[in-house]
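Asks: Build me a structure from this.
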Amino acid sequence: MSPAAPIVALSGVTKTYGIGTAVATEVLHGVDLSLARGEFAALIGPSGSGKSTLLNIIGLLEPLTGGEYRLEGRAVAWRDDAALTRDRARTLGFVFQFHHLLPAFTALENVLMPTLIERGSWSAADRARGLALLERVGLAAAAHKRPAELSGGMQQRVAIARALSRGSPLVLADEPTGNLDTHSADEVFALMRAFNRDLGTAFLIVTHDPRLAARCDRIIELVDGRIAAH
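Replies: Model prediction:
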């Protein structure tokens with residue numbers, strides 16, 4: 001893939017739930033969208049507009065119904081589950097509104113969890129990378145603490161480190177600051193911005209916070225399952 005090629009390219013993407021039933025509902029209507037490598041974009045829109053569905057499709061968590069999806073130049077829409085799992089592990093990191101840290105594991109072990117899931121173990125080099133990421137998010141001293149010992153903002157910083165632990169070129173963030181107070185939200189946003197700036201990691205952030213959306217390089221608005229503006 002050339003450096004200028006989009007990391008995500010959607011063409012005519014549709015999504016229908018309940019196909020073949022009397023309550024079939026199309027929630028995405030021919031979405032065309034490209035994300036450049038290293039881009040920092042916000043995805044906004046009213047509740048029920050299809051934002052989470054679109055993010056799940058980009059994240060290979062839900063299949064599309066029609067159209068084409070190319071990830072790093074590869075057509076991925078109709079691949080089998082094993083191939084999608086490999087694509088997801090290699091290319092995508094995820095941050096959600098609720099951090100989804102595993103309570104029985106330390107911060108460092110949570111950061112290393114994607115590696116454990118993919119390979120069944122982690123190496124000394126993986127551990128060193130995990131510690132470096134925790135240091136980068138200001139939590140080196142909390143590496144061996146469990147989530148219950150951390151504040152909400154600290155837990156979300158661990159989640160960001162986890163999303164970056166495999167060196168993913170794209171992070172998808174679904175309301176990553178929605179469960180935080182204003183100060184913690186600003187800290188988390190600043191961290192994502194720093195990783196985008198320093199590492200070239202692309203971010204697509206679903207948010208209802210107009211303050212945060214305004215600080216992104218690009219705002220993509222989804223209304224009634226269609227791109228209204230970007």
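Asks: Centre-most residue in this protein?
Replies: Centroid-nearest residue in the chain: residue 172, 1.6 Å away (criterion: C-alpha atoms, centre = their mean).
Asks: Surely it touches residue 55?
Replies: Yes - Residue 172 lies in contact with residue 55 (C-beta atoms under 8 Å); the separation is 5.5 Å. Using the backbone N, CA and C atoms, a C-beta is placed for each residue, glycine as well.
Asks: Confirm the residue nearest to the centre of the chain sits in a strand?
Replies: Yes - assessed with DSSP: H, G, I helix; E, B strand; the rest coil, residue 172 lies in a strand.
Asks: partners of it in the sheet?
Replies: With DSSP bridges as the criterion, residue 172 is bridged to residue 94, residue 204.
Asks: Quick check, pLDDT for it.
Replies: At residue 172, the model reports a pLDDT of 93.
Asks: Let me see the contact set for it.
Replies: 55, 58-59, 92-95, 203-204 (C-beta atoms under 8 Å, 6 or more residues apart in numbering).
Asks: can you check residue 48 too?
Replies: So residue 48 contacts nothing (C-beta under 8 Å, 6+ apart).
Asks: That one: what secondary structure?
Replies: Quick answer, by three-state DSSP: residue 48 is coil.
Asks: Residue 222 versus that one, what's the distance?
Replies: Residue 48 sits 10 Å away from residue 222, going by C-beta to C-beta, to the nearest Å.
Asks: if we can go back for a sec, any residues in contact with both of residue 172 and residue 55?
Replies: With C-beta under 8 Å, 6+ apart as the test, residue 172 and residue 55 both reach residue 204.
Asks: which residues sit in contact with the residue nearest to residue 117 when sequence neighbours are not counted?
Replies: Excluding its sequence neighbours, the residue lying closest to residue 117 (C-beta to C-beta, 6 or more residues apart in numbering) is residue 89, at 7.9 Å. By C-beta under 8 Å, 6+ apart, the contact list for residue 89 reads 114, 117-118, 166.
Asks: out of these, what pair is the most spread apart?
Replies: 117 and 166 (10.1 Å; C-beta to C-beta).
Asks: and residue 156, that one's in a strand?
Replies: No - counting by three-state DSSP, residue 156 is located in no strand; its state is helix.
Asks: Show me the helices in the protein, by range?
Replies: Taking DSSP state H as the criterion, the chain carries its helices at 51-58, 81-91, 107-111, 113-119, 124-136, 152-163, 182-199, 210-214.
Asks: Adding mean pLDDT and distance to residue 43 as columns, could you present the ones you listed in JSON lines?
Replies: Listed next are those as JSON lines, based on pLDDT from 0 to 100; distance: least, C-beta to C-beta, whole Å:
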{"stretch": "helix 51-58", "mean pLDDT": "92", "distance to residue 43": "6"}
{"stretch": "helix 81-91", "mean pLDDT": "81", "distance to residue 43": "18"}
{"stretch": "helix 107-111", "mean pLDDT": "90", "distance to residue 43": "25"}
{"stretch": "helix 113-119", "mean pLDDT": "76", "distance to residue 43": "23"}
{"stretch": "helix 124-136", "mean pLDDT": "87", "distance to residue 43": "25"}
{"stretch": "helix 152-163", "mean pLDDT": "86", "distance to residue 43": "16"}
{"stretch": "helix 182-199", "mean pLDDT": "86", "distance to residue 43": "14"}
{"stretch": "helix 210-214", "mean pLDDT": "88", "distance to residue 43": "9"}
